[in-house]
Each structure stands twice: as structure tokens, then as C-alpha cells.
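Undergrad: return atomic coordinates for the entry below.
(one chain, ligands or ions: 1)
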Amino acid sequence: MESRRRCPARKQEGTTAFEKSVTMGWAIALHGGGGDIARTVTSERSELAQVGLRHCLEIGVAALRQSRSALDVSELVVRELENYPTFNAGKGSVLTAEGTVEMEACIMDGVTKRCGAVSGLSTVTNPISLARLVMEKTPHIYLAFDGAEKFARDHGVETASMENFITKENVERLQQAKEAHRVQIDFSTPTGSNCHQETVGCVVVDNQGNCAAATSTGGLVNKMAGRIGDTPIVGAGNYANHLCAVSATGRGEHIIRATVAHDVAALMEYKGLSLKEAAEYVIEHMEKGTAGLVAVSNKGEVTMVFNTSGMFRACAREDGYSELGVLA
Ligand code: ASP
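TA: Reported below is the predicted structural model:
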């Protein structure tokens, strides 16, 4: 059961919203989904995911070295992750109970708190870029299903027929999930690689100290058509403000109830916790096996925490620190 302990009290310095940050330079962290990786992901699949993460991290680092903004870099990296069929986002998205694809994504700019989100996409090649267009070209934050598809066409974004997003592996995963009568990201069934989803996310702080978060997913295997998870919900699976940027992965329904991404930011802003303390507090207080996140702070700190047996993750900082990991 999820429980709430008292949050540790913290010293007052560094807690005000308008404090000038002492930045350690840019930093970037990305994830390729969390879950019971130890039991459910083959070594071949794990290797493929790591190759993808490494490649996407390099793209992000190169863009940061060219002084691209946090928002641009988070979008760029998530587009690249969406294009990898290994991950459950864009091409490679898992299937609904109807055998259809319903992709969703969210992007948020920390400085301005502008954000955009999309759900129910079945033909848009890069949902994260459509989320950014919603943010920049509409008076709204969140578009879904037919309206979002129409918006994509009106703006001439790249689309492809739904079949193009469906991989043979995901057809098999759906079959297995249906046979087990499960909506998969159920870590308790040892039924192969379908117990782990590979939602993707990227958080960035640029060398101006601006933070941005971007997250994209196909959701859960065998989800009901029309189901919306945590990824596109601002403050649940994705959030950024002047202090930090957070992207979560795991069981969407749990992440929504706990408003995971916003809770990390709130603990920093209202309680003065550090990025690491805040992220650990939020994840520790969730049911085991349900969630993980990557986060950066405006000071250039990075943290990657999860209560599952693993999370595909990678990060780099301007000072040369870099890490890529899968298991705990
Ligand atoms: N959080 C995603 C969802 O529930 C799944 C994932 O993170 O892999 O849609």
C-alpha cells in the first residue's frame, strides 16, 4: 500500500522561488521505461535498448554543447527515442485491446510553465512534436483523438498509416496479454518481455539554468481503447518549473494518483528538499514495483530513481559525469 510519512524538514536557504540558481552547467537524463526488467527483458532486448539510449544521449549532449535550449533538446531526444521501434513510443507503441495504436505525449518548459499534451494519436510519427505544437500554436494545453489528429493534419506534421507503427513483437505481446486477461505492466506475471513497457522521457537543464521535460508513450499493452495514462497529464508523468524537470514511468494509474512529477517539484519548492531528496521521497512512498523517474534541477543536478527492479536510464552533465544503467 502507498503510505505517507512526514516529509523531512529542511533548512531554509535555497528554498525561495526566486532564488538565483548556482548552476553547475547543463545536464540531461533520459529513460526508456521501468519495470520488472530483471525477470522480463531478454538480454538481446536490453542490449538494443541500451544502444538506443546511448545514441539518444549523444544527440542530446551534442545539442547542449551547441547551446540549444532545454526545451529544444528534450523534444529532439524524445523524437529520436520515438523513432526507435525498441521503445514503446512512436513506432513500436504497444497495442490497445482493439489492436490499435493510441500514442500520447507531453512537453513542458520550466521557465514559462508553458506545456502541451496529446493523446489518442494513431498516425502521428512524432507525438512529442505535436505536443509542442499544441503548446505553441493553440490557446489550449491538451488535445486528444480526432481533434488532435485533425490538428496534426492542419499543421502538416508527418503522419503514416497506423499499420506503420505496429511491430510484430507488439502483436505477440497483445496476444499474450489477452490470453492472460491482463492489462500489461503487471509485473507479477512471468510471461515474458511484455511485463515491461518502454515509455520514453527526457529532462534537460541548459546552461542558462532553464529546465524542460518531455515524455512519450504508447501506454499499456491491452489497455482499453480510450484509456489515458499518466504521460500526457501535466504533473503526473511529466512536469517542469523554474526549479526542476521530471519525467516518470511505470503504472500510469498509480502515477496519476500520486501526481509524481509535480510532487517532486512541490517538495523542492515548498519544503526546500534537494532534487535527490524530493525524488527519493516520492518514489519511496509509492507501492513497490510501480514507478521510476528521471529529473534534473536548475543547478545542474541529475537524479534517476525507481522502485521497480530496473529502469532503462542514462544521463550526462557538463562536468563530464555520465551514466547508463538498466538494473538496480
Ligand atoms: N506510464 C505509462 C502508462 O501507464 C507506461 C510506462 O511508463 O511504461 O501509460
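Undergrad: contact partners for A278?
TA: By C-beta atoms under 8 Å, 6 or more residues apart in numbering, the residues touching A278 are 244, 263-265, 267-268, 271. (Glycine included, C-beta is placed from N, CA and C.)
Undergrad: so what's M24 scoring on pLDDT?
TA: At M24, the pLDDT value in this model is 82.
Undergrad: what residues does the chain put near the ligand?
TA: Residues of the chain lying close to the ligand by C-beta under 6 Å from any ligand atom are 33, 185, 197, 199, 217, 219-220, 229-231, 237, 249-252, 255.
Undergrad: what is the lowest-pLDDT residue among these?
TA: Within the set of the residues of the chain next to the ligand, pLDDT is lowest for I185 (56).
Undergrad: can you show me the helices along this protein?
TA: Counting by DSSP state H, one finds helices in the chain at the ranges 37-40, 43-65, 70-83, 127-137, 145-154, 168-179, 252-257, 260-271, 275-284.
Undergrad: give me the distance between the two termini of stretch 273-292.
TA: Start-to-end span of stretch 273-292 (C-alpha to C-alpha, to the nearest Å) is 18 Å.
Undergrad: buried set for that stretch?
TA: Buried residues in stretch 273-292, counted by 16 or more other C-beta atoms under 10 Å: 273-275, 277-283, 285-286, 289-292.
Undergrad: any idea how many residues pack against whichever residue of the stretch 1-150 of the chain sits closest to the ligand?
TA: As assessed by C-beta to the nearest ligand atom, the ligand sits closest to G33 within the stretch 1-150 of the chain, at 4.5 Å. Around G33 there are 28 other residues, counting by other C-beta atoms under 10 Å.
Undergrad: write the ChimeraX selection for whichever of the residues of the chain next to the ligand are buried.
TA: Per 16+ other C-beta under 10 Å, the buried members of the residues of the chain next to the ligand correspond to this ChimeraX selection:
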select :33,185,197,199,217,219,220,229,230,231,237,249,250,251,252,255
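Undergrad: residue contacts, L143?
TA: L143 touches 117-119, 134, 151, counting by C-beta under 8 Å, 6+ apart.
Undergrad: partners of it in the sheet?
TA: Here L143 sits in beta bridges with V118, going by DSSP bridges.
Undergrad: coming back round to it: so which of the helices of the chain has the densest surroundings on average?
TA: Neighbour counts (mean count of other C-beta atoms under 10 Å) averaged over each of these peak at helix 70-83, with a mean of 26.
Undergrad: can I get it in CSV, CA atoms only?
TA: In CSV, the C-alpha atoms belonging to helix 70-83 read as follows (Å, rounded to 0.1, in the frame of the first residue of the first chain):
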residue,chain,number,x,y,z
ALA,A,70,16.4,22.8,-22.7
LEU,A,71,13.0,22.7,-24.5
ASP,A,72,14.6,22.0,-27.9
VAL,A,73,16.9,19.3,-26.6
SER,A,74,14.2,17.5,-24.7
GLU,A,75,12.0,17.4,-27.8
LEU,A,76,14.9,16.4,-30.1
VAL,A,77,15.9,13.5,-27.8
VAL,A,78,12.3,12.2,-27.4
ARG,A,79,11.7,12.4,-31.2
GLU,A,80,14.8,10.2,-31.6
LEU,A,81,13.6,7.7,-28.9
GLU,A,82,10.1,7.6,-30.6
ASN,A,83,11.8,6.7,-33.9
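Undergrad: which residues touch E179?
TA: By C-beta under 8 Å, 6+ apart, the contact set of E179 is empty.
Undergrad: tell me the spacing between it and A245.
TA: Distance from E179 to A245, counting by C-beta to C-beta, to the nearest Å: 39 Å.
Undergrad: for A266, same thing?
TA: Counting by C-beta to C-beta, the gap from A266 to A245 is 14 Å.
Undergrad: please apply the same query to V282.
TA: 14 Å.
Undergrad: and what of N210?
TA: Remark: distance between N210 and A245 (C-beta to C-beta) = 9 Å.
Undergrad: quick one: common contacting residues for these two?
TA: Common neighbours of N210 and A245 (C-beta under 8 Å, 6+ apart) are 70, 110.
Undergrad: and these two? Which one has more around it.
TA: Per other C-beta under 10 Å, whichever of N210 and A245 has more neighbours is A245, with 36 against 22.
Undergrad: who are the packing partners of the helix or strand of the chain with the lowest mean pLDDT?
TA: Within the chain, no helix or strand scores below helix 37-40, which has a mean of 84 by mean pLDDT, DSSP states H and E. Counting contacts by 3 or more C-beta pairs under 8 Å, 6 or more residues apart in numbering; DSSP states H and E, helix 37-40 packs against strand 310-317, strand 322-327.
Undergrad: make it 10 Å
TA: For helix 37-40, the packing partners by 3 or more C-beta pairs under 10 Å, 6 or more residues apart in numbering; DSSP states H and E come out as helix 43-65, strand 310-317, strand 322-327.
Undergrad: return the residues in contact with the closest residue to G229 other than its chain neighbours.
TA: Leaving aside its chain neighbours, G229 sits nearest to G252 (3.1 Å; criterion: C-beta to C-beta, 6 or more residues apart in numbering). Residues near G252 by C-beta atoms under 10 Å, 6 or more residues apart in numbering: 104, 185, 197, 199, 217, 219-220, 223, 227-233, 236-237, 290-291.
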